[in-house]
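Asks: Got a predicted structure here, sequence first:
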Amino acid sequence: MRTLYTALFLILALALAAPAAQAADIEPPSGWKQEGPEAHAERFLDLMVQGQLDNAFNALLGNAKTDAMDKLKFEIYSEYKKNGKPLGYEQVLKQHAGKTVLRLRYILLFPNLPKTFDIYYYNPDGRGWKLRTFSYVKDIKQLFKD
């Protein structure tokens, strides 16, 4: 009889442990990020932290080239020269306007001074988010408005 109880206990223990083991098997790997606006924005920022400005702007905007973008790249490059590469970044705001517009605000953490990026996405038909525009804010006080 004792053997029967032991066998039932083992079967019960295995049955309860199996779903946990299966759940662990379907967890995303470390560092995995779901595709979408945040992954897109953070790909840009990861490259900025690595000091790869051209690749960062290509990741964000594709091959689009404008005078405003060139001016912004030069300005950020100047920050790199003055303050060194950023130490990292931090998401400080995620704001929806209805179901179709999303604003993500990140702080790029330079050693002496933070720089802020607002990145706007639009999804009018539910088929995927598209970058609409972005802004670069130098004034840290702007973080506390809105």
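Replies: Happy to help now that I have it. What you see is a predicted model, and the numbers here were worked out from it, not measured in a lab. Residues are numbered from 1 along each chain as shown.

Asks: confidence score at the residue most central in space within the chain?
Replies: Per Cα atoms, centre = their mean, the C-alpha nearest to the average position across the chain is that of E42, at 3.4 Å. According to the prediction, E42 has pLDDT 95.

Asks: Checking it next. Helix, strand or coil?
Replies: Assigned by DSSP: H, G, I helix; E, B strand; the rest coil, the conformation of E42 is helix.

Asks: From L87, how far off is it?
Replies: 15 Å (Cβ to Cβ, to the nearest Å). C-betas here are computed from N, CA, C, even on glycine.

Asks: what does W129 give?
Replies: According to Cβ to Cβ, W129 and L87 sit 28 Å apart.

Asks: what does D70 give?
Replies: Plainly put, D70 is 26 Å away from L87 if you go by Cβ to Cβ.

Asks: and what of A59?
Replies: 20 Å.

Asks: Between those two, which is the more surrounded one?
Replies: Using other Cβ atoms under 10 Å as the criterion, A59 and L87 rank with A59 on top: 18 against 12.

Asks: ok, residues contacting the helix or strand encompassing that one?
Replies: With secondary structure defined by DSSP states H and E, A59 is part of helix 53-61. Contacts to helix 53-61, defined as Cβ atoms under 8 Å, 6 or more residues apart in numbering, come from residues 40-41, 43-45, 47-48, 69, 73, 76-77, 80, 119, 131, 134.

Asks: Would you mind writing the CA trace of that helix as PDB?
Replies: The C-alpha trace of helix 53-61 is given here as PDB (Å, rounded to 0.1, in the frame of the first residue of the first chain):
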ATOM      1  CA  LEU A  53      25.000  57.600 -35.400                       C
ATOM      2  CA  ASP A  54      24.500  56.800 -39.100                       C
ATOM      3  CA  ASN A  55      23.300  53.300 -38.400                       C
ATOM      4  CA  ALA A  56      21.000  54.600 -35.700                       C
ATOM      5  CA  PHE A  57      19.300  57.200 -38.000                       C
ATOM      6  CA  ASN A  58      19.100  54.600 -40.700                       C
ATOM      7  CA  ALA A  59      17.300  52.200 -38.300                       C
ATOM      8  CA  LEU A  60      14.900  54.900 -37.300                       C
ATOM      9  CA  LEU A  61      14.200  56.600 -40.600                       C
END
